[in-house]
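*Asks:* I'd like to go over a predicted model; first the sequence, then the structure.
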Amino acid sequence: MRNKTHVSTKSTFRKDDKHLQPYRGHPPHGTGEKNAILLVDYTNTLRAKGMGRKEAILTAGPVRLRPILMTTFAMIFGMMSIAIGIGEGAETRSPMAIATVGGLLTSLFLTLIVVPAAYDLLDDLEGKFIRKKVSNSLPSGGR
């Protein structure tokens with residue numbers, strides 16, 4: 001006798017729908033990527049409103065700090081019972097939970113410290129590259 005329950009494995013969303021694919025390439029896979037993208041996006045928004053780069057970076061950090069900490073610590077506290085190893089069979093799940101907590105703490109550090117520093121550094125390099133490219137494209141008589 002065949003099972004009459006049918007579960008469709010097809011997606012109801014079209015792949016070319018721009019509203020459902022905000023990220024080209026591959027979508028963010030975790031909270032670390034999501035937090036970094038939101039931090040850089042907010043920094044770019046502030047810069048588009050006329051704020052300077054350093055000021056935008058220093059403003060975006062504290063504004064995004066609370067949501068970043070809330071999502072990260074919620075996940076860490078959710079993993080604590082598994083990491084501590086309470087319950088039957090916990091010894092098999094505990095190492096993965098400990099690794100997950102370590103990864104969350106690492107991504108928190110990277111998001112709050114490394115991402116703003118890298119943004120500042122890469123923006124400097126981009127500015128130098130664009131200035132050099134523009135000066136090379138000018139005719140020699142225009143200098």
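*Replies:* That came through fine. If you're wondering where the values come from, they're calculated on a predicted model, not measured in any experiment. Numbers count the residues shown, from 1 in each chain.
*Asks:* just checking, what packs against the worst-scoring helix or strand of the chain on mean pLDDT?
*Replies:* Sorting the helices and strands of the chain by mean pLDDT, DSSP states H and E puts helix 115-137 at the bottom, at a mean of 82. Applying 3 or more C-beta pairs under 8 Å, 6 or more residues apart in numbering; DSSP states H and E, we find helix 115-137 packed against helix 31-48, helix 53-84. Heads up, the C-betas are built off the backbone N, CA and C, glycines and all.
*Asks:* Helix or strand next in line after the last one, which one?
*Replies:* Per DSSP states H and E, the first helix or strand lying C-terminal to helix 53-84 is helix 90-109.
*Asks:* contacts for that next one?
*Replies:* Contact with helix 90-109 is made by 30-32, 35, 68-69, 72, 75-76, 79-80, 82-85, as judged by C-beta atoms under 8 Å, 6 or more residues apart in numbering.
*Asks:* any idea how far the spatially most central residue of the chain is from G52?
*Replies:* For the chain, E33 is the residue whose C-alpha lies nearest the centre (C-alpha atoms, centre = their mean; 2.4 Å). Distance of E33 to G52, computed by C-beta to C-beta, to the nearest Å: 27 Å.
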